[in-house]
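Novice: Need the 3D shape of this:
(chains A and B)
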Amino acid sequence: MKLEVRGVKIILSGKEILKDVEIKVNTGELVALLGPNGSGKSTLLRTIFGILKPSGGVVLLDGKNLSLEDKAKVLGYLPQETPDVGLSVIDLVVLGRVLTRSKIRPNSKDIEAAIKALKSVNMHGYEDRRFRELSGGEKQKVLLARLFAQTPKMMLLDEPTAHLDISSQIEIMDLIKRKVREGCSAIVAIHDINLAATYADKIIMIKDGKVIEAGSPREVLTPKTIKDVYNIDVIVKNHGRYLYILPIHRRDDKKFRIHIICGGGSGRNLIYNLSNKFNISIGVVNALDSDWEAAIETQCEIIDEVPFSEISEESFSRNIKAIENSDLVILANLTIGKGNIKNLLAAKRAAELKKLLVIDSTPFDERNFAGKVAKEIFNDVKRNSIVIKKEEEVGNVIRRLLDRR
Amino acid sequence: MRKLILALIILNVLSVFLGLSIGSAINPAESLYGLVHGKETIKSLILNYRLPRTLTAMLVGASLSIAGCTMQAFFRNPLADPYILGVSSGASVGAALAILLGIATTYNLIFMAFITSIATATLVYKLGKSAIIGESYGILLAGIAVASFLSGLTAILIYMAGESMHKVVFWILGSFSNSKWEKFLFSAPISCICIAYILINSWKLNAILLGDEHAISVGLNVSRFRKRLVTVISLLTSSAVAISGVIGFVGIIIPHTMRLIVGESHQRLLITTLFLGSAFMPIVDIIARSSISGELPIGALTALIGAPFFVYLLRRGV
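Specialist: Reported below is the predicted structural model:
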């Protein structure tokens, strides 16, 4: 079933909840409706089902503007609130058919359909249990069975995974997806962006009653859109053919700039620990090395070099520039070889500027593969900087520095 | 389920038999003997006095139980009873007025009580429906407000009634002592139609239990059904109150007893509630009229007998 929402406007107690909403859903599409609390997701679903009458615009199903009673025959709407009711499971599921079909009481076909629906959500054998006594996940599956028994052509689901544990969330989404594969369309209002990214064919982002973006997960789920809608910083990563969204902590003190000279994983922990508080840059590291990945993940500034190659003059001078612009430079406990000896020279510059902190946990000889020259530079560097043995002490040093400021 | 219904039917037959045979005038053995041998006085006593009285008690018991059960679904509140719409206080004002004005013939009393109770229910519904806090709460609170106002009014009417004060009080406490065929015949058609409507729509009541949005989503026109339901419940309760006075507690205890036994699905709950209500009331009436110190008010007895039994059920958990 095709749905078209054209310029729909909803005003409730004088407040405009939906503003000229336009959406389209095609047959066999699973559409996730994303947006912060109060953005209008539930209102939109209610309007599509016909519980709310728009004060402007129109909702068309296969091109037709249906009455509420006719809609119940083709649309399956699952409100967000789970009913607190002691009806037996089978009676509740049969309700999905009685009023739209036999009107007064269910016939044997209705009962058969209800049992089939219960089987399809793996709840066969629960027929005589009282709904109130089921677990949250079981209740949601029974409600889905009620919806399936109604044989809808399109489902409108208002946060079907709210308050459920992770395995139930996945089970519910799998059931919905399976129904969609059978040719039913679905609009699912949801809070979990990752769940939406995994299951939806299409994502509609709404905020303040307006559609901000609509399209495939890849088109819609960008750090920019998510920042616009939810006001949080995220990283969008690829995970197989799916997307994976990771929120980043907000930085408290963006003004304090720390540059970390690292590589080969020596700066990883520092990057994770410091990036949520300070403005971090790193360099020079080879692309795809684990420090580089950590910096990408936490969205730090990176001065990088092509994998497995020596630090170029250009990168070196960029590194020096970053050092000059920083308030503090940390020389991580990194291994020095021919390829990255320029990092030691850069550290020397930082030492001259009296802003170098050296982490010297492994004896230098054990991590030096660049010979005497490197050893001399390192000793020189150490003389003009703060030296600590344990990485964990970095926090204390920074605190003292900040206090002095 | 079949066994349960059969047991309830047997209970009904038993209560009819007891209702016809026990009383202050003649004992069961005399009743049976008199009926079999065609003794005119006994026949007339049973046919003109005990039969309408027993049938009225059955009708009122069934009506109040069904009305209570439906109210509990309507409000999704286990404490809802048939009198939430202010029907009882409305009827009391009507009855008190009729007695005070000295026009309290059987028909006038029924008519006045019926009209005032319907008018009260309409008022409560109208006031509650437009409340800013939502329909359900609105009706509950409007019911409390209107009922308190009318109770005050009734108290003043009782005070003004002077010598006939006891008549008003006796009416309010509820009784089947003046049951006549006329009363039964007034109430029976209204009650039967209303009960039939509710029984036919038992699945819609199940839908209402889920909450309005779920009910709409399974295809119920909730606002239309609620309107019809309020009308039917007010008619049903008013017709019972008009012929028997205010009999409390039945509308809560009978449906809840059956809910504990058969669960919340109305297609089982309503029919069993109906039979238990219709069997319970004549039995209470027998106790009321068997008291040595004259007839006891039936409303007081329903509470005295019903409450401990209900607590027993609650603790046992069925």
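Novice: C-alpha only now, for contacts and for neighbours.
Specialist: OK.
Novice: after the strand or helix carrying B:Thr56 comes which helix or strand?
Specialist: In this assignment (DSSP states H and E), B:Thr56 forms part of helix B:51-75. Later in the chain than helix B:51-75, the nearest helix or strand by DSSP H and E is helix B:87-100.
Novice: quick one: the helix or strand just after that next one to helix B:87-100, angle?
Specialist: As assigned by DSSP H and E, the chain's next helix or strand after helix B:87-100 is helix B:106-129. Taking axes from the mean of the first three to the mean of the last three C-alpha atoms, to 10 degrees, one finds helix B:106-129 and helix B:87-100 inclined to each other by 140 degrees.
Novice: report the angle between the axes of the strand or helix carrying B:Thr237 and helix B:106-129?
Specialist: Assigned by DSSP H and E, B:Thr237 belongs to helix B:222-244. With the same axes, to 10 degrees applied, the angle from helix B:222-244 to helix B:106-129 works out at 150 degrees.
Novice: tell me the mean pLDDT for helix B:222-244?
Specialist: In this model, helix B:222-244 has a mean pLDDT of 92.
Novice: just how off-centre is stretch A:345-365 within its chain?
Specialist: 38 Å (C-alpha atoms, centre = their mean, to the nearest Å).
Novice: err, stretch B:36-51, not the other one
Specialist: The chain centre lies 27 Å from the centre of stretch B:36-51; the measure is C-alpha atoms, centre = their mean.
Novice: Name the residues of it that come out as buried.
Specialist: Going by neighbour count (16 or more other C-alpha atoms under 10 Å in any protein chain shown), the buried part of stretch B:36-51 is B:Ile42, B:Lys43, B:Ile46, B:Tyr49, B:Arg50, B:Leu51.
Novice: measure A:Phe369 to chain B for me?
Specialist: The gap separating A:Phe369 from chain B is 72 Å, by C-alpha to the nearest C-alpha, to the nearest Å.
Novice: For the residue nearest to that residue when sequence neighbours are not counted, which residues are in contact?
Specialist: Among residues not flanking A:Phe369 along the chain, A:Gly337 sits closest, at 4.7 Å (C-alpha to C-alpha, 6 or more residues apart in numbering or on different chains). Listed by C-alpha atoms under 8 Å, 6 or more residues apart in numbering or on different chains, the contact set of A:Gly337 reads A:Asn368, A:Phe369, A:Ala370.
Novice: State the number of residues packed around the second one.
Specialist: Summarising burial for A:Phe369: neighbours were counted as other C-alpha atoms under 10 Å in any protein chain shown, giving 16.
Novice: quick one: pLDDT of it?
Specialist: A:Phe369 carries a pLDDT score of 92 in this model.
Novice: who does the worst-scoring helix or strand of chain A on mean pLDDT pair up with?
Specialist: For chain A, using mean pLDDT, DSSP states H and E, the weakest element among its helices and strands is strand A:234-239, scoring a mean of 80. Applying DSSP bridges, strand A:234-239 is found paired with strand A:242-247 (antiparallel).
Novice: Can you report the mean pLDDT over the residues of whatever helix or strand comes next after the strand it pairs with?
Specialist: Toward the C-terminus, strand A:242-247 is succeeded by strand A:253-261 as the next helix or strand (DSSP H and E). Across strand A:253-261, the average pLDDT comes to 84.
Novice: what angle separates the very next helix or strand once past strand A:253-261 from strand A:253-261?
Specialist: Sequence-wise, the next helix or strand downstream of strand A:253-261 (DSSP H and E) is helix A:268-275. On the basis of the same axes, to 10 degrees, helix A:268-275 is oriented at 160 degrees to strand A:253-261.
Novice: who's in contact with helix A:268-275?
Specialist: Against helix A:268-275 from outside (C-alpha under 8 Å, 6+ apart): A:Arg251, A:Ile280, A:Ser290, A:Asp291, A:Ala294, A:Ala295, A:Thr298, A:Cys300, A:Glu391.
Novice: The third one against A:Gly265, yeah?
Specialist: Yes - here A:Ser290 reaches A:Gly265: they are 5.2 Å apart, a contact under C-alpha atoms under 8 Å.
Novice: between the two, what contacts are shared?
Specialist: Counting by C-alpha under 8 Å, 6+ apart, nothing touches both A:Ser290 and A:Gly265.
Novice: Go ahead and flag the most central residue of chain B.
Specialist: The structure's chain B has its C-alpha centroid closest to B:Leu64; by C-alpha atoms, centre = their mean the separation is 2.7 Å.
Novice: So the closest residue to it other than its chain neighbours: helix, strand or coil?
Specialist: Excluding the flanking residues, the one nearest B:Leu64 by C-alpha to C-alpha, 6+ apart is B:Gly251, at 5.1 Å. Following DSSP: H, G, I helix; E, B strand; the rest coil, we place B:Gly251 in the helix state.
Novice: what's the answer for the one 5 residues further on, then?
Specialist: For B:His256, the secondary structure call by three-state DSSP comes out as helix.
Novice: so what's it up against?
Specialist: Applying C-alpha under 8 Å, 6+ apart, the residues near B:His256 are B:Cys69.
Novice: swap in B:Ala215?
Specialist: Contacts for B:Ala215 (C-alpha under 8 Å, 6+ apart) come out as B:Ala207, B:Ile208, B:Leu209, B:Asn221, B:Val222.
Novice: and if you look at A:Gly339?
Specialist: A:Ser309, A:Glu310, A:Ile311.
Novice: Could you do A:Ile388 as well?
Specialist: A:Leu357, A:Val358, A:Ile359, A:Asp360, A:Ser361, A:Val394.
Novice: buried ones in the least confident helix or strand of chain A?
Specialist: A:Val234, A:Ile235, A:Val236.
Novice: circling back to that earlier point, quick one: buried ones out of the contacts of A:Gly339?
Specialist: A:Glu310, A:Ile311.
Novice: Switch the contacts of A:Gly339 over to TSV; also include pLDDT and distance to B:Phe111.
Specialist: Output for the contacts of A:Gly339, formatted as TSV (pLDDT from 0 to 100; distance: C-alpha to C-alpha, whole Å):
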residue	pLDDT	distance to B:Phe111
A:Ser309	89	103
A:Glu310	92	105
A:Ile311	93	104
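Novice: Nearest to B:Phe176 among the contacts of A:Gly339?
Specialist: Within the contacts of A:Gly339, proximity to B:Phe176 (C-alpha to C-alpha) peaks at A:Ser309, which comes in at 104.3 Å.
Novice: Where does the closest one fall, secondary structure wise?
Specialist: Going by DSSP H and E, A:Ser309 is not in any helix or strand.
Novice: my read: it touches A:Val284, true?
Specialist: No - the criterion here is C-alpha under 8 Å, and A:Ser309 misses it with A:Val284 at 11.2 Å.
Novice: Do you know the pLDDT at B:Thr302?
Specialist: 86.
Novice: same deal with A:Phe308?
Specialist: A:Phe308 carries a pLDDT value of 87.
Novice: who touches it in this structure?
Specialist: A:Phe308 makes contact with A:Asn286, according to C-alpha under 8 Å, 6+ apart.
Novice: Return the distance of it relative to B:Leu260.
Specialist: Distance, A:Phe308 to B:Leu260, by C-alpha to C-alpha, to the nearest Å: 76 Å.
Novice: OK, contacts around B:Pro297?
Specialist: B:Pro297 sits next to B:Phe170, B:Leu173, B:Gly174, B:Ser175, B:Ala288 when contact means C-alpha under 8 Å, 6+ apart.
Novice: For B:Lys180, which non-adjacent residue is closest in space?
Specialist: Counting by C-alpha to C-alpha, 6+ apart, the residue nearest B:Lys180 is B:Pro52, at 5.7 Å.
Novice: Count the neighbours of the one you found for me.
Specialist: B:Pro52: 22 surrounding residues under other C-alpha under 10 Å.
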